[in-house]
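> how would this look folded up:
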Amino acid sequence: MAGGIRAPIYLHKGEYDSADFRAVLADIRGLNVGVIPGSAGDGLKVTAISGSSARVAVAGGRAWVPLTKSGVRDLRHAYYVDLPSPGVQFNLGTASATADRYDVVVARVSDDTDVTAYAEVALANYAPGNLAPGWCIDVVRGTDGAGAPSVPYDSYLALAKVRVKKGATSLSAADIEDLRYSTAGQGDPTPLAPLRTAAGQGVAAVATQQSRGGLIYSADEDRLYVKGTTDARPVVNRPIYMNPTARAATGWWGVDNPDATRTGFVLGYDGPAAPYDRIGILNFQVRVTGVADREGWHSIRTWSDTVMYWETVRFYEKSNQGLSPHRGSAHVLIPKNKPLSVWHALYAQGGFCYYEDWQSGSQMTVIPAE
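Residues are numbered from 1 along each chain as shown. Next up, the predicted model:
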């Protein structure tokens, strides 16, 4: 019925072909393509079968394969394919005796028409490249001694690049590069509806109900989190500017060996633990003075938890000539699930100098670690 207004799709007058339905699905679910990972994230994953001659397995899974023609992607169309569990296994070509080879494993869809009759293909004894069901797992074989080959097909999704080493009689996990997502630039269309915490409910409780990569809005914090592999982290960091605590009075002495017990402590930060690693970015200036007619080395050391991360340049000076202030910046790791404990300590050879709180200070910004 070309050129006319067709009936609404839900009235089902039989006027819609497969291309119409692909476009409708794109309008509903968006234009992302790629493997649908599921809870385990192993859909259509390619693995080596050890002890065999260049044999691989492709796990069962589902994907949206982009419709492409002559290398040009149609942004409104994608094919939905489903490989039943446990998937398929097959041999790659025999390894060369003289040079390595790279093969690319792909999910490939044939050009469809409304009159094509498709046949079901059994998983047992699967042969790559059989397009009888309208799509297949296929292998693009590379040239001995060359890099990975380009894929000559339309409408495909790259799954893995496999290195077949010269003379190899078996493959290992190190020979397979997973191309399903990042390398091939393929999106993840798994539904990731954001979740919202109830008042007084922690983010961790809701994170157990969210998929990896999903969003969680904290009603109490007015902050958005993203679910990672094991926990949730803030999406947009709000820097935490912390004011240091210090010894209340002038005259806190430095020590020869500042250590993890806060010996030599002069300025510090304390705070609650978080379920993810954090980075503390510090800027500090510490003024010191000394006992009359004494001399020695002095510096400021920066600690986090029980680890020293930074020491300023040491000065060797005489107290009767004045002592130089210490200025610096440092990055420290604040380990996950441990209370925040970051501090500066004064190293002073023989304890000859001490902290001067006038014009001394420190500032720290805390951000989630990648």
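
> Y153 belongs to a strand?
No. Assigned with DSSP: H, G, I helix; E, B strand; the rest coil, Y153 falls outside any strand and is coil.

> from what I can see it touches R108, true?
Yes. Contact status for Y153 versus R108: in contact at 5.2 Å, counting by C-beta atoms under 8 Å. Glycine gets a C-beta too; all of them are placed from N, C-alpha and C.

> look at those two and report which has more neighbours.
R108 (22 against 12; other C-beta atoms under 10 Å).

> next, count neighbours for V106.
22.

> gap between it and V35?
12 Å (C-beta to C-beta, to the nearest Å).

> can you measure across stretch 322-336, start residue to end residue?
42 Å (C-alpha to C-alpha, to the nearest Å).

> repeat that for stretch 267-277.
Span of stretch 267-277 from end to end, C-alpha to C-alpha: 22 Å.

> now for Y153 and R108: what residues contact both?
Common contacts of Y153 and R108 (C-beta atoms under 8 Å, 6 or more residues apart in numbering): D138.

> ranges for the strands of the stretch 151-300 of the chain?
156-164, 176-178, 195-196, 215-218, 223-227, 232-234, 240-242, 245-246, 252-253, 265-271, 278-290, 295-304 (DSSP state E, counting those that start in this stretch).

> which secondary structure elements does the first one contact?
This points to strand 156-164. strand 34-36, strand 46-48, strand 55-58, strand 61-69, strand 101-109, strand 176-178 (3 or more C-beta pairs under 8 Å, 6 or more residues apart in numbering; DSSP states H and E).

> can you put these in TSV and add distance to T263 and mean pLDDT?
Output for the helices and strands packed on strand 156-164, formatted as TSV (distance: least, C-beta to C-beta, whole Å; pLDDT from 0 to 100):
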stretch	distance to T263	mean pLDDT
strand 34-36	55	81
strand 46-48	53	93
strand 55-58	58	92
strand 61-69	57	86
strand 101-109	57	94
strand 176-178	49	90
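
> those strands: which one's closest to Y269?
strand 176-178 (40.9 Å; C-beta to C-beta).

> how far does the closest one sit from its chain's centre?
On the basis of C-alpha atoms, centre = their mean, to the nearest Å, strand 176-178 sits 17 Å off its chain's mean C-alpha point.

> check which residues of it are buried.
I176, D178 (16 or more other C-beta atoms under 10 Å).

> does anything pack onto it? Which helices or strands?
Counting by 3+ C-beta pairs under 8 Å, 6+ apart, strand 176-178 packs on strand 46-48, strand 156-164.

> sheet partners, orientation included, of the longest one?
The one in question is strand 156-164. Its sheet considered, strand 156-164 pairs with strand 101-109 (antiparallel), strand 176-178 (antiparallel) by DSSP bridges.

> would a markdown table of the ones you listed with distance to T47 be doable?
A markdown table is the format used below for the strands paired with strand 156-164 (distance: least, C-beta to C-beta, whole Å):
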| stretch | distance to T47 |
| --- | --- |
| strand 101-109 | 11 |
| strand 176-178 | 7 |
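
> so which of those gets nearest Y347?
strand 176-178 (48.6 Å).

> what sits against G280?
G280 touches Y269, S304, H331, V332, L333, I334, L340, V342, M364, T365, V366, counting by C-beta under 8 Å, 6+ apart.

> in CSV, list the C-alpha atoms belonging to the one helix or strand the last one maps to.
Here V366 is covered by strand 353-368, with elements defined by DSSP states H and E. Written as CSV, here are the backbone C-alpha positions of strand 353-368 (Å, rounded to 0.1, in the frame of the first residue of the first chain):
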residue,chain,number,x,y,z
CYS,A,353,62.0,22.0,65.2
TYR,A,354,58.3,22.2,65.8
TYR,A,355,55.0,23.0,64.1
GLU,A,356,53.8,26.6,64.0
ASP,A,357,50.1,26.8,63.6
TRP,A,358,50.2,30.4,62.4
GLN,A,359,49.9,30.4,58.6
SER,A,360,49.9,26.6,58.5
GLY,A,361,47.0,24.7,56.9
SER,A,362,45.9,22.0,54.5
GLN,A,363,43.0,21.3,52.1
MET,A,364,41.9,18.0,50.6
THR,A,365,39.4,17.1,47.9
VAL,A,366,38.2,13.5,47.9
ILE,A,367,37.0,11.8,44.7
PRO,A,368,36.1,8.2,43.8
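
> understood, closing this out.
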